[in-house]
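Participant: Next input, structure requested:
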Amino acid sequence: MGQRLAMEADDIIVRKPSHQLAMGGIYHLRRRRGGRAAPTSQTGAQNREAIQLRALEREAAANRTLFETFLNRFKESASTEGTETPEGRVISQAEVPGRPAYPNRKRLLMSYLLGGLLLSCALVIGLHLLSPGMLSPEQIEQQLGVHAIGMVPHLTGKQLPHEHVQEKDASGYVEAINSLQVSLQLTDPDQNIQAIQVTSSVPEEGKTTLVLSLALVLAKSGKKVVIVDGDLRRSSIAKKLGVKDTGPGLTDFMIAEHDEVAPFITPHEPSGMAFMATGQAKYVSAADLFASERMQQLVAILKTEYDYVLIDAPPVMAVADSRVIGQVADKTLFVVRWNKTPKKVARAALQLLHKSQVDVAGVVLQQVDLKRYGRLGYGDSGYYYHYGRYGQYYSS
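Facilitator: Next up, the predicted model:
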């Protein structure tokens, strides 16, 4: 700023001769006017000179004013040149950073961990909601409105469950069956429960396996047990026991003229129990057969000769046989396969049984994966706590 004013002042100073020239012209004209009066012919020339004089005076005054203005501004700039206020100030000294300012690795790591945790929780909740099956006794009671009286673990390996029961007396699987037996008796302590129907909502739920395992455990405890194969369409008791289904059985007794049941029952010497196969006689309707007085008579006779009569009934949603058999049985066990049986199907099957006035003792949760059961957070599931937490106490 100061340099620019100085240059402008120098320019004005350089132009000073023209200013002096104008002043000289003014002085010369004034002298001529102060002299003797010129003739009349010279009046026009004097007027023009007077106009020129006034123009030069105005120009000289303007130049003088401009010169004085620039000179004052130059002096002011020169006087304040060393006292200018800086536009910024130092707040703190710059330091060399010890780590990069971006990206913040610690913050990113925490964000990733938190995001992974939230995503895992959302995934678990989503899988839990999308799962059609039931995973715990609490879910069974909440979804089906029926008490869960037993939970049977899943056995790995090629050995069949009833073979496992015969060979190992103190395994976790056997203890689960024993607990189921006790829970069944406690459902109605005042009633002598002998005839027990075992059924499910759909096939492949594990009801036949449960019948064989329960019968073997009862037989090993000294009880007289007989299994009645009530699944006339898809019989599997004889096949699982390794016995040929060629002799007389249930249907043959229904058309027999005598009441002796021994010829229609096959003993199973390795286990000490007995079973009644489906038989060889032809029949018109299984539901009519089970609803006959002959079926009630058969159950009454078996209850007098055996301590327990276990009836392997067909699935509820497939045929109506189990609803008819349930009316002659003392109690009915309803089997639900762990994490597989759809809630809606099981609920519909139980409603059919209740409408038929079948006494359902409770639900048995079959083929439970104890490791997944514990990981899913059901290890503290009430009475079944020891299954999830201490299931490995017994060698399987």
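Participant: Could you tell me which strands the longest strand seen in the chain is paired with, and in which direction each runs?
Facilitator: Longest strand of the chain, by residue count under DSSP state E: strand 360-368. Using DSSP bridges, the strands paired with strand 360-368 are strand 148-153 (parallel), strand 331-337 (parallel).
Participant: Tell me which of those lies nearest to K223.
Facilitator: Checking those against K223 by C-beta to C-beta gives strand 331-337 as the closest, at 15.8 Å. For glycine as for every other residue, the C-beta is placed from the backbone atoms N, C-alpha and C.
Participant: Return the distance of the closest one from the chain's centre.
Facilitator: Between the centre of strand 331-337 and the centre of its chain there are 29 Å (C-alpha atoms, centre = their mean, to the nearest Å).
Participant: again with stretch 272-291
Facilitator: Using C-alpha atoms, centre = their mean, the offset of stretch 272-291 from its chain centre is 47 Å.
Participant: So which bits of it are buried?
Facilitator: G272, M273, A274, F275, M276, A277, T278, G279, A286, L289, F290, A291 (16 or more other C-beta atoms under 10 Å).
Participant: Looking at those residues, spot the one nearest K106.
Facilitator: M273 (67.7 Å).
Participant: which among the buried residues of stretch 272-291 gets closest to P315?
Facilitator: A286 (12.8 Å).
Participant: you'd agree that closest one is up against D321?
Facilitator: Yes - with contacts counted by C-beta atoms under 8 Å, A286 reaches D321, the gap being 5.1 Å.
Participant: what touches both of these two?
Facilitator: L232 (C-beta atoms under 8 Å, 6 or more residues apart in numbering).
Participant: which ones are touching L310?
Facilitator: Per C-beta under 8 Å, 6+ apart, neighbours of L310: I196, V198, V211, L214, A215, V225, V226, I227, V228.
Participant: beta partners of it?
Facilitator: I196, I227.
Participant: how close does it get to I227?
Facilitator: 5 Å (C-beta to C-beta, to the nearest Å).
Participant: Now do the buried residues in the top helix by length along the chain.
Facilitator: Scanning the chain for the helix with the most residues, using DSSP state H, yields helix 43-79. For helix 43-79, the buried set under the neighbour-count rule, 16+ other C-beta under 10 Å, comprises E49, L53, L56, A60, N63, F67, F70, R73, F74.
Participant: And the helix or strand hosting L108, what does it pack against?
Facilitator: Using DSSP states H and E, L108 falls within helix 105-130. Of the remaining helices and strands, none touches helix 105-130 by 3 or more C-beta pairs under 8 Å, 6 or more residues apart in numbering; DSSP states H and E.
Participant: Would you mark the buried spots in the next helix or strand along the chain from it?
Facilitator: Remark: after helix 105-130, the chain's next helix or strand is helix 137-144, criterion DSSP H and E. Of all the residues in helix 137-144, those buried under the rule 16+ other C-beta under 10 Å are P137, Q139, I140, E141, L144.
Participant: now stretch 288-303
Facilitator: L289, F290, A291, M295, L298, V299, L302, K303.
Participant: Mind checking which of these are in helices?
Facilitator: Using DSSP H, the buried residues of stretch 288-303 in helices are L289, F290, M295, L298, V299, L302, K303.
Participant: got those residues as JSON lines, with pLDDT and distance to Q357 columns?
Facilitator: Shown next, in JSON lines, are these (pLDDT from 0 to 100; distance: C-beta to C-beta, whole Å):
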{"residue": "L289", "pLDDT": "90", "distance to Q357": "19"}
{"residue": "F290", "pLDDT": "93", "distance to Q357": "15"}
{"residue": "M295", "pLDDT": "94", "distance to Q357": "16"}
{"residue": "L298", "pLDDT": "96", "distance to Q357": "20"}
{"residue": "V299", "pLDDT": "96", "distance to Q357": "16"}
{"residue": "L302", "pLDDT": "96", "distance to Q357": "22"}
{"residue": "K303", "pLDDT": "96", "distance to Q357": "20"}
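Participant: shaky segments in the stretch 251-396 of the chain?
Facilitator: Applying pLDDT under 70 to the stretch 251-396 of the chain flags residues 284, 376-396.
Participant: rerun that using 50 as the cut-off
Facilitator: 381-391, 393-396 (pLDDT under 50).
Participant: Can you show me the strands along it?
Facilitator: 266-268, 273-276, 308-312, 331-337, 360-368 (DSSP state E, counting those that start in this stretch).
Participant: Given the first one, what are its sheet partners and their directions?
Facilitator: This means strand 266-268. Strand pairing (DSSP bridges) places strand 266-268 next to strand 273-276 (antiparallel).
Participant: Output the strand it pairs with in CSV, but only the C-alpha positions, please.
Facilitator: The C-alpha trace of strand 273-276 is given here as CSV (Å, rounded to 0.1, in the frame of the first residue of the first chain):
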residue,chain,number,x,y,z
MET,A,273,-40.7,-108.4,27.0
ALA,A,274,-43.3,-109.5,24.5
PHE,A,275,-45.1,-108.0,21.5
MET,A,276,-48.2,-108.5,19.5
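Participant: Now tabulate the buried residues of helix 43-79 in CSV and tack on distance to H164.
Facilitator: Putting the buried residues of helix 43-79 into CSV (distance: C-beta to C-beta, whole Å) gives the following:
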residue, distance to H164
E49, 142
L53, 138
L56, 133
A60, 130
N63, 124
F67, 122
F70, 115
R73, 112
F74, 114
